[in-house]
Structure formats: C-alpha cells, structure tokens
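[1] Provided below are the primary sequence and the corresponding predicted coordinates.
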Amino acid sequence: SQQGEEDPQALSIQEGENATMNCSYKTSINNLQWYRQNSGRGLVHLILIRSNEREKHSGRLRVTLDTSKKSSSLLITASRAADTASYFCATDAGSNYQLIWGAGTKLIIKP
Amino acid sequence: KAGVTQTPRYLIKTRGQQVTLSCSPISGHRSVSWYQQTPGQGLQFLFEYFSETQRNKGNFPGRFSGRQFSNSRSEMNVSTLELGDSALYLCASSPYGDTDTQYFGPGTRLTVL
C-alpha cells in the first residue's frame, strides 16, 4: 500500500526554473525522505527530514515538512537537464524497517 | 566502499517458471530489504532480513520468498511466475535496518512473458 500521494504527477519546466513537488502522507512518521530515480533505474537518496524538523537544505534542494498537514514539499532551484528524473517521497512510520512510498512526480527539464 | 549490487540486471522468464534474484549489500551492512516497483502499484515493500532472520514482510503472496546468508547476501525467489510479476526489483542495505541509513542497488528488471 502507498502511504501518500505526490503532486503533480508530472512537471515540465524550462532549464533554470525552479521545480516544486509535493507529497502528502496518511500516518504519523519518524522521518520523510526524498529519492530520485532516472529512467527506471536505482533510487538515489536526496535528503531526509525528521519529524521534529520543519525545513532542510542540501545544495539546490530545499525540503519542508508540515506534520500538522501531513505534507512535505521538495524544491529544486535553478533546474538543470540532469535533474530530469522521477522523484519519490518515502516515509518511515516506525513500522518495522520499511519505507512507504508515494507514487512519484516525473520531472522533465527542457533545455 | 562498493555499493549495493544486484544480479542479474535483466531477466526474461515465462509464466509458470521460477526466478531467483540476488543482492549483495554494502560491506558491513547486515540488513537487506526488498521492494517491487511496477507502473501500476508503485514501490511496495516485500521483506526485510537482518542476520539471516526475516523481521518484516509485506503484503505479497507466498510465491514470493527470500533468505539471507551468513555473509549478509540475500536472495529472493518468485515461484510460478505470473505476468503481473513483471517489475523492477530493488534491494536496499543498511547497517541495522534503520531506513535513514539505507542504500539502494540498481535493481533487477524482470519481464515475464
């Protein structure tokens, strides 16, 4: 079962623009993580935010977490062609060593 | 350190056959988790092993099984393959099973004809 939903399902922007993706989840969580996947390959961990944190930065990435709304957003600034990928949020709800995944947002960066 | 490796990377089988996929974790990691990714269902948790013991299992039929060896390498087996088993199978390793220290392999793409 999937924990939450991501929106939009697909996003197409011009290189250099910012991209924002949102993730909603259903239960209380310990942490929320964002991953990138290129063309059906392996998952690359981008950033983790814990339930007691509200915002986190890593390079061009900014993640926010609103536990009252059970939602998170991922902002990628100054997008590049190499950012073209699918982005997934995953939550750890403390349920025994597993992550529960959102459906993903497919991001296309147009040159 | 070498990353998580999965073999084979691609596999084609026919309905009714069985298949075994292998995952070698990062050196020193004792936990291996398996996930199935399909276009329709997304990413779903299969099972997690730690020190040769299955600690958690997702909601999959008994045709899906796994094991872990003393060197932490893990295998998963799917018997009596169905068309719907076509998927990308991903494994992830971590030192103790904490999801915040988890690293994913490149996946095995299974196609069932």
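    Ah, there it is.
[2] in stretch B:62-71, what counts as buried?
    Using 16 or more other CB atoms under 10 Å in any protein chain shown as the burial criterion, the residues of stretch B:62-71 that qualify are B:64-66, B:68. Using the backbone N, CA and C atoms, a C-beta is placed for each residue, glycine as well.
[3] ok, now stretch A:76-89?
    A:76, A:79, A:83-89.
[4] Contacts for it, please.
    If you take CB atoms under 8 Å, 6 or more residues apart in numbering or on different chains as the criterion, stretch A:76-89 is touched by A:4, A:6, A:13-21, A:23, A:25, A:32-39, A:43, A:46, A:60-62, A:72, A:74, A:101-109, A:111, B:43.
[5] Just those: which are in strands?
    Among the contacts of stretch A:76-89, the ones falling in strands (DSSP state E) are A:6, A:13-14, A:19-21, A:23, A:32-37, A:43, A:46, A:61-62, A:72, A:74, A:101, A:105-109, B:43.
[6] interface residues of chain A facing chain B?
    For chain A, the residues in contact with chain B (CB under 8 Å from any CB of the partner chain) are A:1-2, A:31, A:33, A:35, A:40-45, A:48, A:88, A:90, A:92, A:95-104.
[7] Any of those residues buried? List them.
    Buried among the residues of chain A next to chain B (16+ other CB under 10 Å): A:2, A:31, A:33, A:35, A:41-43, A:45, A:48, A:88, A:90, A:92, A:97-104.
[8] Is it correct that A:Q37 is in contact with A:V44?
    Yes: A:Q37 is within contact range of A:V44, at 7.2 Å (criterion: CB atoms under 8 Å).
[9] Out of the buried residues of stretch A:76-89, the closest to chain B would be?
    A:F88 (6.8 Å; CB to the nearest CB).
[10] Skipping adjacent residues, who's closest to the spatially most central residue of chain B in space?
    Centroid check for chain B by CA atoms, centre = their mean gives B:W34 as the closest residue, at 3.5 Å. Nearest residue to B:W34, sequence neighbours excluded (CB to CB, 6 or more residues apart in numbering or on different chains): B:L46, at 4.0 Å.
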